[in-house]
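In: Could you look at this predicted model? Sequence included:
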Amino acid sequence: MLFFRPVRFFTFSRRFFIQNNMSKYLYILDPGHGGINPESGRYMTAGKRSPSFDDGSILFEGVENRRKVKAIIQLMNENKLDCVDIVNDWRDVPLRNRVNRANKLASTRKCIYISIHSNAFGNGWTRPTGISVHQFNLNSQIGNVFHQELSCNFDGITTDRGIKESDFYVLRHTTCPAVLLEIGFHSNKEESKKIMSGEWIQLVAKSVVDSCKILEL
Ligand SMILES: [Zn+2]
């Protein structure tokens with residue numbers, strides 16, 4: 001019976017619904033911040049939201065990040081790319097836990113960590129717009145691939161703010177290559193509306209999956 005005993009990694013993968021199509025990389029998706037508590041209906045992350053729209057509604061970044069990760073995973077599955085949502089929860093899983101989970105996976109196969117965010121500037125509605133790609137070490141070419149696809153797909157839709165070297169926790173402490181994508185500013189009223197649209201979410205999914213397809217070559 002020893003043969004059929006599930007190993008620890010197996011239970012871990014099951015918990016995180018890894019599609020095992022055996023692509024070159026396992027793509028680890030991180031929907032930055034928390035989501036909505038299904039019982040209280042409350043957004044659990046301090047800040048990380050837009051100012052109020054005229055009708056009182058608010059964009060919650062963690063909620064939008066989850067919508068994008070869901071769309072990315074669906075498109076990855078269609079393209080037979082192995083992927084996992086490293087959070088898979090409405091809770092704001094601490095960064096250390098996200099990284100520990102990712103590093104555990106990265107010890108078993110080649111992985112790429114992709115953290116999905118939108119950006120903000122100042123108080124109230126402000127002007128900055130655009131996309132940026134963040135990496136801890138710019139020596140790796142992986143960030144360039146994501147930047148290329150995002151800047152191409154979002155050309156004429158928002159500003160290209162380039163690729164930046166950033167000392168973010170999830171970039172510094174992951175043992176696999178990692179990128180953090182700031183896609184749009186939810187502190188800009190017009191861009192905030194766009195970020196919530198289905199077209200924007202599909203463009204994000206397409207940009208990320210097209211990047212991964214290049215990395216698979
Ligand atoms: Zn964020």
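Out: Thanks, I have the structure now.
In: the helices in this protein, which residues?
Out: Remark: helices assigned in the chain by DSSP state H are 8-15, 61-78, 95-106, 142-153, 169-172, 189-195, 198-216.
In: near the ion, which residues of the chain show up?
Out: Residues of the chain found near the ion, taking C-beta under 5 Å from the ion as the criterion, are 32, 117. Any C-beta I mention is one placed from the backbone N, CA and C, and that applies to glycine too.
In: Just the closest residue of the chain to the ion, please.
Out: Taking C-beta to the ion as the measure, the point where the chain comes nearest the ion is residue 117, at 3.4 Å.
In: Would you mind listing the residues in contact with that residue?
Out: Neighbour list for residue 117: 32-33, 61, 65, 180-183 [criterion: C-beta atoms under 8 Å, 6 or more residues apart in numbering].
In: Next: residue 152.
Out: The neighbours of residue 152, taking C-beta under 8 Å, 6+ apart as the test, are residue 207.
In: Repeat that for the one 5 residues further on.
Out: Applying C-beta under 8 Å, 6+ apart, one finds that residue 157 lies in contact with 194, 200, 203.
In: What distance do you get for it to residue 99?
Out: Per C-beta to C-beta, to the nearest Å, residue 157 is found 32 Å from residue 99.
In: Counting neighbours, which bits of stretch 91-103 end up buried?
Out: Residues 92-93, 98-99, 101-103 are the ones in stretch 91-103 that count as buried (16 or more other C-beta atoms under 10 Å).
In: can you check stretch 43-62 too?
Out: Taking 16+ other C-beta under 10 Å as the basis for neighbour counts, the residues of stretch 43-62 that come out buried are 43-45, 48-50, 59-62.
In: ditto for stretch 206-215
Out: Residues of stretch 206-215 classed as buried under the neighbour-count rule (16+ other C-beta under 10 Å) are 206-212, 215.
In: Give me the number of neighbouring residues for residue 23.
Out: In terms of burial, residue 23 registers 20 neighbours under the definition other C-beta atoms under 10 Å.
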